[in-house]
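1. Provide a 3D model corresponding to the input given below.
(2 chains)
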Amino acid sequence: MNVLIIEDEKALAKELEIFLTNYNYMCEVCYDGTTASERVAVNLYDFILIDLGLPDYEGLDLLKEAKASNPEAAYIILTARAEIYDRIKGLDMGADDYLAKPFSLLELQSRMQAITRRKFGLKNNIVELGDFHVNLTDRVITYNEAEISTITKKEFDLIAYLILHKNRTVTRNQLSEHIWGSIINDDYDSNYIDAHIKNIRKKLNAFAPPDWLETVRGLGYKIKINA
Amino acid sequence: MKLRTKLTLFNTISKLVIVVLFVSLLPVLIKNINTNYTDTRLRKQRDEVLQTVKNVGIKYYIEDGKSYAGYTPIKDVYVSLDEDTTDENLDNIKNEARKVEADTIQYRILSHDFKADNKKYLLEIGISLDTVNERTAPLQSIAFVVLIVMVIMTIIADQVYSDYILRPLALIIKTKLVGQKFPNFGPYKEVKTSTDDFQRLDISIHEMIQTIESTFQKEREFISNASHELMTPISIMQSKIENLFEQEDIADELKVRMLEMQRILNRLKSITKTLLLISQIENYQFLKEDNIRISSLLGEVYDEISIRLQDKNINLKLDIRNDFELVRVNKYLLFNLFFNLINNSIKYNRENGEITVEVLVENNKFVVKVIDTGIGISPEDLPIIFNRFKKLKQSLQQDSFGLGLPIVKSIADFHSIKIDVESQKNVGSTFKLTFLSASVKV
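-> Numbering: from 1, shown residues only, chains lettered A, B, ... in the order given. Predicted structure coming up:
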């Protein structure tokens, strides 16, 4: 898939490019609005990541322009200006999602995957984990066709996030940012992810040991799927 | 006590003192005046009689050579002339009783000895004291009425004038001090006054408010700009660390150190985001257009926070006695308010402790109480618990930076929610939130 990254912070643009390339996206990078405006007029993209705070261009104008020439593309707004008015305006103008800086790259990728699933209408989104089946669309886990109802919303979120980044270690920090990112509080060193994982293991163990859910010592967790 | 009340009080009391003094002196005064007046009349009569005697001779009064006496019909005045055989030479005025016909009447009597035709005569002129006193009573009451009227008039005049002269002060207090929500003052409106002192007061208050406002504005702008500016470098660092994790050729022990970096970066991010949130609240960058039932809001908080209860095995109880709907609020902010408040109660609670969240109506006000069995707050710490970055000595926990309660306070202020804290050391604390009735629907 083709991604256009419009970001005036070169160092950040570079990291985005490295990360997305690693996830098999084809990336192009623009550091200013004028170049981006030319690019969107010529090429077609699947994803356009756009920083609203460009020095030479009004971000929302660029979004409008790009939408005209690339109506099929998915738009994700990246901004350090966390003002809610921008957020509302951006989403009204047809942006598909919104990420406030600083954001986790894994979060960006999971948003992009969610958009892809939505756009291509992937209905049968079931992942097999040993004898467990995780239905990412209906958000249920089943064991031998029987639904495991004890899993809470948060716990499912964690499992789904690990599945999305399967075979990679997701650190505790990345997991807590995903689970509690929108909550502002003054703890930064929480081990509540461990408590969640402990609960998940306990609940699943009642059916079968979830060997696929691995602890990476000192770092975080990983779901192993042999594809 | 208000200045105006004090002035009125002083005014009335001083007038009352004057009235009492005057009323108690009045009888004596009037009596004196009356006596003087009577005495003058008596002397005038005497002079007239003496003049007549001189002009016409004593025969005018005494024909038989013995005596003369005359009364008016009601016996209020009498005149008598007698031969005086004593050696005294009388010339005085005193009160004495005289028997006139059948009645004994008190008179004020002038006695005067004089010689005529080589004989000594005693002249007596008397005015009945009843007559004198008859005049005293109406005089007294007239004086009393006039006095009261004058006192009332001066009290009213004083009151009106002091009201008038103090009006600018009342206006300054009303418009500049009372009802002003610190630090957001309205625009400056000059208070019109011809009193220099009030003018100076008005201008000084205005100047002070301006200084406070601009300092606050600068602080808010600084926090807002600083936290915004910090977001970009944090963002870059975070991305770099995450990309490093993706690198397969990095040894595990290095990854553990990178995780440490990520954790510290998270801390920086957390502080910056919190400061930004507080500054956005203070700059009114949030809308208030959500409606939500308090029970469902607290339910959402419970879902998010329940995992944190496990560590210390704390029991969190929601006790909703009177459910109500919050209207025209910001749900995101209120969620964060309750999350932080309950999170605070968890952090400072003991093992196997309790937290009760009560929703109730108290004195016709909608109230949410968060009651914990925690370590409590000492009385000297109570006034500073909402200060930013203020970590209390007893709670030097490593994993927080002292912005939890400031978030609570900012959001509460934004929604005009009143917070009262009661606490007892080693027993627990109660945070009581009282909602504005305008933001509540039953």
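
2. off-centre distance for stretch B:104-117?
-> Per Cα atoms, centre = their mean, to the nearest Å, the displacement of stretch B:104-117 from the mean C-alpha position of its chain is 70 Å.

3. please read the previous query as pertaining to stretch B:47-63.
-> For stretch B:47-63, the distance to the chain centre is 79 Å (Cα atoms, centre = their mean).

4. where in chain A is pLDDT low?
-> Chain A contains residues with pLDDT under 70 at A:81-91, A:121-124, A:188-190, A:227.

5. where do the helices sit along it?
-> When assigned using DSSP state H, the helices of chain A occupy the ranges A:10-22, A:33-42, A:59-69, A:84-92, A:105-120, A:153-164, A:172-180, A:192-205.

6. and of the ones you listed, who's closest to residue B:72?
-> Of all the helices of chain A, helix A:84-92 sits nearest to residue B:72, with 106.4 Å by Cβ to Cβ. Placement of C-beta: from N, CA and C, glycine included.

7. which of the helices of chain A sits closest to chain B?
-> Closest of these to chain B is helix A:10-22, at 3.6 Å (criterion: Cβ to the nearest Cβ).

8. so how far is the closest one off the chain centroid?
-> Computed by Cα atoms, centre = their mean, the chain-centroid distance of helix A:10-22 equals 15 Å.

9. ok, stretch A:170-183 next?
-> On Cα atoms, centre = their mean, the centre of stretch A:170-183 falls 12 Å from the chain's centre.

10. list the contacts of the nearest residue to residue A:164 once chain neighbours are set aside.
-> Excluding the flanking residues, the one nearest residue A:164 by Cβ to Cβ, 6 or more residues apart in numbering or on different chains is residue A:110, at 5.1 Å. Residues near residue A:110 by Cβ atoms under 8 Å, 6 or more residues apart in numbering or on different chains: A:161, A:164, A:165, A:178.

11. spell out which parts of the stretch 301-442 of chain B neighbour chain A.
-> B:303-304, B:307-308, B:310-311, B:332, B:335-336, B:339-340, B:343, B:347, B:398-404, B:407 (Cβ under 8 Å from any Cβ of the partner chain).

12. highest mean neighbour count across the helices of chain A, which stretch is it?
-> Highest mean neighbour count among the helices of chain A (mean count of other Cβ atoms under 10 Å in any protein chain shown): helix A:172-180, with a mean of 22.

13. tilt between that helix and helix A:105-120?
-> Between the axes of helix A:172-180 and helix A:105-120, defined by axes from the mean of the first three to the mean of the last three Cα atoms, to 10 degrees, the angle is 50 degrees.

14. helix A:172-180 - contacts with which helices or strands?
-> helix A:105-120, helix A:153-164, helix A:192-205, strand A:220-223, helix B:252-282 (3 or more Cβ pairs under 8 Å, 6 or more residues apart in numbering or on different chains; DSSP states H and E).

15. how does it look with 7 Å?
-> Applying 3 or more Cβ pairs under 7 Å, 6 or more residues apart in numbering or on different chains; DSSP states H and E, we find helix A:172-180 packed against helix A:105-120, helix A:153-164, helix A:192-205, helix B:252-282.

16. relative to residue A:46, how far out is the closest residue to residue A:57 other than its chain neighbours?
-> Counting by Cβ to Cβ, 6+ apart, residue A:57 lies nearest to residue A:33, which is 2.3 Å off, once chain neighbours are set aside. Residue A:33 is 21 Å from residue A:46, where distance means Cβ to Cβ, to the nearest Å.

17. show me how the chain divides into domains.
-> By default, I'm working from chain A. As given by automatic domain parsing, the domain ranges for chain A are A:2-120, A:126-223.

18. wrong one, I was asking about chain B
-> Taken from automatic domain parsing, chain B resolves into B:3-137, B:196-282, B:290-441.

19. run through chain B and note the low-pLDDT ranges.
-> Along chain B, segments meeting pLDDT under 70 span B:64-65, B:179-186, B:391-400.

20. helix or strand: which one has residue B:376?
-> Assigned by DSSP states H and E, residue B:376 belongs to no helix or strand.

21. quick check: the spatially most central residue of chain A vs residue B:385, distance?
-> In chain A, the centroid-proximal residue (Cα atoms, centre = their mean) is residue A:110; its distance is 2.1 Å. Counting by Cβ to Cβ, the gap from residue A:110 to residue B:385 is 38 Å.

22. quick one: residues contacting residue A:69.
-> A:40, A:41 (Cβ atoms under 7 Å, 6 or more residues apart in numbering or on different chains).

23. residues in the stretch 101-250 of chain B within reach of chain A, list them.
-> Within reach of chain A by Cβ under 7 Å from any Cβ of the partner chain, the stretch 101-250 of chain B has these residues: B:228, B:231-232, B:234-236, B:238-240, B:242-243, B:245-246.

24. now which of the residues you listed would you call buried?
-> B:228, B:231, B:232, B:234, B:235, B:236, B:238, B:239, B:240, B:242, B:243, B:245 (16 or more other Cβ atoms under 10 Å in any protein chain shown).

25. quick one: which of those sit in helices?
-> B:228, B:231, B:232, B:234, B:235, B:236, B:238, B:239, B:240, B:242, B:243, B:245.

26. look at residue B:432 and tell me its secondary structure.
-> strand (DSSP: H, G, I helix; E, B strand; the rest coil).

27. quick one: it and residue B:369 touch, right?
-> Yes: counting by Cβ atoms under 7 Å, residue B:369 is a contact partner of residue B:432 at 5.0 Å.

28. ok, which stretches of the stretch 251-400 of chain B are strands?
-> B:290-293, B:315-320, B:325-329, B:354-362, B:365-372 (DSSP state E, counting those that start in this stretch).

29. what's in contact with stretch A:12-20?
-> Under Cβ under 7 Å, 6+ apart, the answer for stretch A:12-20 is A:3, A:5, A:7, A:27, A:29, A:31, A:49, A:105, B:235-236, B:239-240, B:243, B:246.

30. hmm, 8 Å instead?
-> Contacts for stretch A:12-20 (Cβ under 8 Å, 6+ apart): A:3, A:5, A:7, A:27, A:29, A:31, A:49, A:105, A:108-109, B:232, B:235-236, B:239-240, B:242-243, B:246.

31. what's the helix or strand containing residue B:150 packed up against?
-> If you go by DSSP H and E, residue B:150 is part of helix B:129-172. If contacts are counted by 3+ Cβ pairs under 8 Å, 6+ apart, helix B:129-172 sits against helix B:3-56, strand B:103-116, helix B:196-246.
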